[in-house]
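> here is a sequence together with a model predicted from it:
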Amino acid sequence: MSQVEQQNAETLGFQTEVKQLLQLMIHSLYSNKEIFLRELVSNASDACDKLRFESIDNPDLLEGDGEMRIRVEYDKEQRTITISDNGIGMSRDEAVKNLGTIARSGTKEFFSQLTGDKQKDAQLIGQFGVGFYSSFIVAEKVSVLSRRAGTPETEGVLWESEGQGDFRVAPAEKADRGTAITLYLREEDAEFADGWRLRAILRRYSDHISLPIQMRKEDWDAEKQEQIKSNEWETVNQANALWTRARNDIEDEQYIEFYKHIAHDFEDPLAWTHNRVEGRTEYTQLLYIPKRAPFDLWDRDAKRGVKLYVKRVFIMDDAEQLLPNYLRFVRGVIDSADLPLNVSREILQESRDVRAIRDGSARRVLSLLEDLAENEPDKYTQFWQTFGQVLKEGVGEDTSNKERIAGLLRFASTHNDSSVQDVSLSDYIGRMKEGQDKIYYVTADSYAAAKHSPHLEVFRKKGIEVLLLSERVDEWMLSFLTEFDGKTLVSVAKGGLDLAELADEEEKQKQEKVAEEFKPLVERLEKTLGEKVKSVRVTGRLVDSPACVVVDEHEMSPHLLRMLQAAGQPTPDVKPILEINPDHQLVRRISEVDEADFEDWATLLLEQAMLAEGALLDEPAAFVQRLNRLLLQQ
Ligand SMILES: Nc1ncnc2c1ncn2[C@@H]1O[C@H](COP(=O)(O)OP(=O)(O)OP(=O)(O)O)[C@@H](O)[C@H]1O
């Protein structure tokens, strides 16, 4: 009979998401079952870290025992494994909340991305993190006996579940604080209740855990021909903080496992950097770049990934002051030798040491990225695809490193005619035409809109490269990035575009002549369109399109205006400048139409220019009527 089937026991349902996660996990993660141990040891280690931190202010919590440790026991006959820790433990309410619900940011995104394809979903689950629930990959029943540090022995809790729809909780006695989790293994998973097997898994996945992980010592009994457990405990991992070891003494495999522990990620990291910084502020940093984006990457208030330690004592998770926001995808550990142990978030905000750590860490991450970009371009491309948009925020956020961040940016460009963002500003400069001293770009709502922008026509004709920008953050970023390596960045959609530098004498003369010739039409258009435009002028920038709209150099681009409007922000009233292509048949035709039709033609010219540029028309129905009227005249 189950231990929980007694008085005062309560049966509660799992949150729907937990049920779903359990189902998915059992069916998707069967090929990598042994990870359950890593997850449980990782939680046990976190629980000890939390207690150590809370006990700085409240030493009574330690109940006279400050030696944290994790123990792993097994019973072959009973087919059980028990993982116990003397960490912070859980009260009844905490057990119900923590082991019955998922309250993590990104949960909604995670569930919305599931496909039903086992392999893909397994990967997603890995990214999301399975934690405690991974016990059910191998266990048909799990029982958790826990008591929060500092509470009476009678206030323990026993939690039990078969990992189906519900779980049971009941009050329980527990002499020592902390948590003991017992897995009742499924018959087919009995192999895990074995000393060799458990030791091997612990060494493989949990060697970096800084607390001792202990198992009962075992000796070979020649007579019985089996391993006999003694009462003595032995430590089976190295049990010192990985980041305190010398780089040469750490295998890549160990770095990778450590990453999985701190980042709660199944995937290997993309790259890492590990350094001891000496001097006025002393600290050790071990920082990782993940391969995949977490589910809450776009949530600027989501947890950050850097854990703060002070002299190897865990202080806090997601210490946002340790890295600038635009590097929020970085995971890792920073261990300071200077900060006080009782440091609070408020102190962190003001500390000079923290500022030094933050600057130093940002520089390290940028060096790591520069190194990847130069020496491992494939990895850098992967990085850029995943986190490029976040890094772009740095151009505006981190003035002291602006030039370095700009050097790391990658763009789609007319040069390779593909949506892949792999052109750097230096690549662009290296390909500049003779006489060209500006970096040209276009911004639009999508790659396709950017690529087909009428503003590009003359650049195509002259073979001048233009960067194609279509991410939301781009406009904002460009307002900070006006120059790179002494070259100004110029939007091809802004009025002041001076292509004179690229036109020869003959062309210039021709343009002036044409402008004179079209003066009457320009004036007529201006009069007819009135308030709808700021002005009308002849342009040399178009080849295939009859007209386009531009804004003045210092005005907000139409794309930015639209983004602000969509976000409900107030926007200035910016009127477009209509530019017409004197070589286009339609433009020639307009100069010849009857006065009665002229307004329709003029308005249509403006409207189609706006549509081509990605704008929404104020009166789309009127546009359609106008178009139909003119079509029927043919
Ligand atoms: N050994 C333990 N001692 C105390 N609390 C624990 C222990 N194991 C789990 N918990 C509590 O249960 C919560 C849920 O654990 P779970 O492993 O599902 O998720 P997590 O550790 O928060 O995140 P992840 O899924 O990324 O590992 C933990 O956040 C912690 O509060």
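Cool, got the structure.
> show me where the stretch 401-550 of the chain has strands.
411-413, 418-423, 438-443, 467-469, 483-484, 487-491, 535-538, 547-550 (DSSP state E, counting those that start in this stretch).
> could you list the buried residues of the second one?
With burial defined by 16 or more other CB atoms under 10 Å, the residues of strand 418-423 counted as buried are 421-423. Bear in mind the C-beta positions are built from the backbone N, C-alpha and C, glycine included.
> quick check: of these, which lies closest to the ligand?
Closest approach between the buried residues of strand 418-423 and the ligand, by CB to the nearest ligand atom: Gln421, at 30.5 Å.
> centre of the chain to stretch 142-161, how far?
Centroid separation for stretch 142-161 versus its chain: 36 Å, with CA atoms, centre = their mean, to the nearest Å.
> quick check: mean pLDDT of it?
Averaged over stretch 142-161, pLDDT sits at 97.
> now do the SS call for Asn231.
strand (DSSP: H, G, I helix; E, B strand; the rest coil).
> which residue is the nearest non-sequential neighbour of it?
Arg216 (7.0 Å; CB to CB, 6 or more residues apart in numbering).
> look up how far Leu287 lies from the residue in the chain that the ligand sits nearest to.
Nearest to the ligand in the chain, going by CB to the nearest ligand atom, is Gly131, at a distance of 2.1 Å. Gly131 sits 23 Å away from Leu287, going by CB to CB, to the nearest Å.
> tell me which of the two has more neighbours.
Counted by other CB atoms under 10 Å, Gly131 and Leu287 do not tie: Leu287 has more neighbours, with 25 against 19.
> doesn't Gly332 make contact with that one?
Yes: in this structure, Leu287 is within contact of Gly332 by CB atoms under 8 Å, at 3.8 Å.
> mutual contacts of the two, please.
Contact criterion CB atoms under 8 Å, 6 or more residues apart in numbering; residues shared by Leu287 and Gly332: 272, 306.
> just give me the neighbour total for Glu17.
Number of residues near Glu17 (other CB under 10 Å) recorded here: 16.
> mind listing what it touches?
The contact partners of Glu17, taken as CB under 8 Å, 6+ apart, are 101-102, 107, 111.
> cool, and Val420?
By CB under 8 Å, 6+ apart, the contact list for Val420 reads 381, 412.
> let's see that with 7 Å instead.
Going by CB atoms under 7 Å, 6 or more residues apart in numbering, Val420 touches Ala412.
> quick check, pLDDT for it.
In this prediction, Val420 has a pLDDT value of 92.
> cool, and the one 5 residues further on?
Per-residue confidence (pLDDT) for Leu425: 97.
> can you verify my assumption that it contacts Leu409?
Yes: between Leu425 and Leu409 there is a contact under CB atoms under 7 Å: 6.4 Å.
> how about the residues of the stretch 51-200 of the chain by the ligand?
Proximity of the stretch 51-200 of the chain to the ligand (CB under 6 Å from any ligand atom) is limited to residues 85, 87-90, 98-99, 129-133, 179.
> how about the chain?
43-44, 47, 85, 87-90, 98-99, 129-133, 179, 264.
> inside strands: which ones of these?
Using DSSP state E, 85, 179 are the members of these that sit in strands.
> break this protein into its domains for me.
3-237, 243-381, 410-492, 501-632 (automatic domain parsing).
> quick one: terminal-to-terminal distance for the second one?
According to CA to CA, to the nearest Å, domain 243-381 extends 28 Å from its N-terminal end residue to its C-terminal end residue.
> do I have it right that Leu369 meets Leu408?
Yes: look at Leu369 against Leu408 with CB under 7 Å: they come within range, at 5.5 Å.
> with adjacent residues omitted, what lies nearest to Gly463?
Nearest residue to Gly463, sequence neighbours excluded (CB to CB, 6+ apart): Lys433, at 7.1 Å.
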